[in-house]
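Asker: Predicted coordinates and the sequence they were generated for:
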Amino acid sequence: MIDAALGLAEEGGAEAVSVREAARRAGVSPGAPFRHFPSRVALMTAVAEEAQRRFRAEIEVALSEAPAGGPLARFRALGMAYLRWAMRNPAHFEIISNGRFFDHGKATELSRDNAELIGMTEQTLADAFAKGQLRVPDLKRVQIAGRALVYGFARMNIDGHFPRWGVAEAEAERTAEAILDLFIAGIARRPD
């Protein structure tokens with residue numbers, strides 16, 4: 001059911017997901033899913049949690065490939081994983097980043113995972129500051145600015161803004177890398 005609902009979201013956006021259609025696609029009787037998902041919100045909460053698990057897997061792969069002793073490289077890896085996943089999975093990104101599709105209060109796994117990712121980002125920035133790699137001491141603002149950057153870029157992609165900015169679809173990932181590098185250059189301490 002969850003995979004069927006994710007497929008519906010990929011085809012027609014989150015608004016296209018219904019319990020009955022997901023059941024039909026999953027090959028179960030129309031009434032059966034209501035025992036597990038009594039409402040569309042319950043199904044969408046499960047869908048959001050699955051999308052978050054997939055997002056987290058992308059981040060784990062990126063971090064496993066980043067240099068362990070380079071906090072700013074790990075910060076970049078976090079940002080690029082976020083951007084790549086959002087660009088490749090716009091419907092899933094839309095679901096987990098928009099609170100109107102599911103019940104955040106009942107999405108305990110998603111909330112816990114999101115808190116862990118925020119904590120991971122905080123620790124990565126704290127490590128960079130401790131190693132003298134950051135010129136900005138206000139780590140909370142750096143973290144919020146970084147999140148706003150990747151979130152805003154992902155939204156621009158989903159909302160179809162790039163053609164107006166002269167960014168072809170084939171250039172989106174390279175552009176994402178360039179803006180992330182520009183941001184990191186702005187927060188990094190310059191060598192003496």
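Answerer: Yep, that arrived. Note that the structure is predicted; figures quoted are calculated from it, not measured.

Asker: List the residues that contact the spatially most central residue of the chain.
Answerer: Taking C-alpha atoms, centre = their mean, the centroid of the chain lies closest to residue 82, which sits 4.8 Å from it. By C-beta atoms under 8 Å, 6 or more residues apart in numbering, the contact list for residue 82 reads 55, 59, 150, 154. Backbone N, C-alpha and C define where each C-beta goes, glycine included.

Asker: Could you measure from it over to residue 93?
Answerer: Residue 82 sits 9 Å away from residue 93 when distances are taken as C-beta to C-beta, to the nearest Å.

Asker: so what sits against both of those two?
Answerer: Residues within reach of residue 82 and of residue 93 at once, by C-beta under 8 Å, 6+ apart, are 55, 154.

Asker: After the helix or strand where the residue nearest to the centre of the chain lies, which helix or strand is next? Please name it.
Answerer: Per DSSP states H and E, residue 82 falls inside helix 71-88. Using DSSP H and E, the helix or strand that follows helix 71-88 in sequence is helix 90-97.

Asker: Tell me which other helices or strands that next one touches.
Answerer: Packing partners of helix 90-97 (3 or more C-beta pairs under 8 Å, 6 or more residues apart in numbering; DSSP states H and E): helix 2-12, helix 40-65, helix 71-88, helix 139-158.

Asker: Mind doing that once more with 6 Å?
Answerer: Applying 3 or more C-beta pairs under 6 Å, 6 or more residues apart in numbering; DSSP states H and E, one finds that helix 90-97 makes contact with helix 40-65.

Asker: now the helix it packs on and helix 90-97, what's the angle there?
Answerer: If you take axes from the mean of the first three to the mean of the last three C-alpha atoms, to 10 degrees, helix 40-65 sits at 110 degrees to helix 90-97.

Asker: List the buried residues for helix 40-65?
Answerer: Judged by neighbour count using 16 or more other C-beta atoms under 10 Å, the buried positions of helix 40-65 are 40, 42-52, 55-56, 58-59, 62.

Asker: now swap in stretch 126-144 and tell me
Answerer: Using 16+ other C-beta under 10 Å as the test for burial, stretch 126-144 gives 127-129, 133-134, 139, 142-143.

Asker: Return the closest of those residues with respect to residue 33.
Answerer: residue 143 (39.1 Å; C-beta to C-beta).

Asker: what's that closest one in contact with, if anything?
Answerer: Applying C-beta atoms under 6 Å, 6 or more residues apart in numbering to residue 143 gives the contacts 121, 125.

Asker: For it, give its distance to residue 129.
Answerer: Separation of residue 143 from residue 129 (C-beta to C-beta): 11 Å.
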